[in-house]
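Engineer: can't give you the sequence, but here's the structure:
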Ligand code: PEP
Ligand code: MN
């Protein structure tokens, strides 16, 4: 009796919460939340507060305006090298992407490297090469924007702006990307910070969408855990969680998550099986010669094998690869 009474007192004092209680108590205004009875939160893009009159679409340098990145019934595969190294290198890889029947080319011009002594990218020259090769093969292009000062410049050369893991919490960059993406009608791939919670990631998306109508595609690329064998740990549970909490599409980057080419194919299969809307994968015609991330790049044969295996999983879900 005495013990029970003591326990009750303790319980009252520490106010034990239900184990089902979720920490998703944040407010989203532009990617609205709507709580349902079972505590699910629906997030939808709010177009109400967006000033359409102020939206300047610049068609002069938009070779193919407004690419459809995510399509119902399809899995979108974006492929390309980690970094643009030369015209010849990107031309060869773009041809692989095109010949494989894909439409989206990824390639980094500004490379935010962990070490200042690693290859930093061809920068502006890289943007020019990406535009030239994207136009040559009729591929939509995406590259990373690394700071607020260069966002507008990058938007002139590519179809989709990418925010990397190291910059997910760079709020000045997020705001600028929101403004520029709205102005130039660009989509935005927002990678998850490797130490960011899903809540922080969604609020980062909110920073972008609060500045206009930019369409945001989330990208899970692995988070930091205690496991050193893989480069990061791919949080595939983020896919159903994001689907439950939001209406934003989510793609998976298996390359940066695992960091080893032989692990990219199985994780690509898993990503599609768990319901991801697409993949962004690093490929290279000569991975061993790559100036950046060659160890995780799929070579041509592996690229075809990945697409073959991913198509098989997608077809089980009634989806096709594009
Ligand atoms: C990249 O996609 O080239 C890249 C640097 O990715 P992340 O920001 O996920 O490391
Ligand atoms: Mn890379």
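Structural biologist: The structure has been received and is ready for your questions. Note that the structure is a prediction, hence the values are computed from the model and not measured. Ligands and ions are numbered 1, 2, ... in the order given.
Engineer: contacts and neighbour counts: CA atoms only from here.
Structural biologist: Noted.
Engineer: Next up, identify which helix or strand residue 208 is on.
Structural biologist: helix 198-209 (DSSP states H and E).
Engineer: Which residues of the stretch 51-200 of the chain lie near ligand 1?
Structural biologist: Within reach of ligand 1 by Cα under 6 Å from any ligand atom, the stretch 51-200 of the chain has these residues: 82, 108, 164-166.
Engineer: Helices of the protein, start to end?
Structural biologist: Applying DSSP state H to the chain gives helices spanning 2-14, 87-99, 124-137, 151-155, 171-184, 198-209, 238-245, 254-258, 261-273, 300-316.
Engineer: which of the ones you listed sits most buried?
Structural biologist: Of the helices of the chain, the one with the most neighbours on average (mean count of other Cα atoms under 10 Å) is helix 254-258, at a mean of 27.
Engineer: what is the mean pLDDT for that helix?
Structural biologist: Over the span of helix 254-258, the pLDDT mean works out to 98.
Engineer: burial of residue 156, as a residue count?
Structural biologist: A count of neighbours around residue 156, defined by other Cα atoms under 10 Å, yields 17.
Engineer: can you check residue 144 too?
Structural biologist: Applying other Cα under 10 Å, we find 24 residues neighbouring residue 144.
Engineer: Please verify my assumption that it contacts residue 167.
Structural biologist: No - Residue 144 lies out of contact with residue 167 (Cα atoms under 8 Å); the separation is 10.0 Å.
Engineer: ok, the closest residue to ligand 1 within the stretch 151-300 of the chain to residue 256 distance?
Structural biologist: The stretch 151-300 of the chain approaches ligand 1 most closely through residue 164 (3.3 Å), counting by Cα to the nearest ligand atom. For residue 164, the distance to residue 256 equals 11 Å [Cα to Cα, to the nearest Å].
Engineer: re earlier: drop anything exposed from the residues of the stretch 51-200 of the chain next to ligand 1.
Structural biologist: By neighbour count, with 16 or more other Cα atoms under 10 Å, these hold 82, 108, 164-166 as buried.
Engineer: for the record, mean pLDDT for stretch 204-213?
Structural biologist: The pLDDT scores in stretch 204-213 average 94.
Engineer: hey, which strand is longest across this structure?
Structural biologist: Using DSSP state E to define each element, the chain has its longest strand at strand 74-80.
Engineer: Check the offset of that strand from the chain's centre.
Structural biologist: Distance of strand 74-80 from the chain centroid (Cα atoms, centre = their mean, to the nearest Å) equals 11 Å.
Engineer: Same question for stretch 123-130.
Structural biologist: 21 Å.
Engineer: What are the contacting residues of that stretch?
Structural biologist: When contacts are defined by Cα atoms under 8 Å, 6 or more residues apart in numbering, stretch 123-130 is touched by residues 84-87, 90, 107-111, 141, 154, 157-158.
Engineer: Next step: those restricted to strands.
Structural biologist: Of these, the ones assigned to strands by DSSP E are residue 141.
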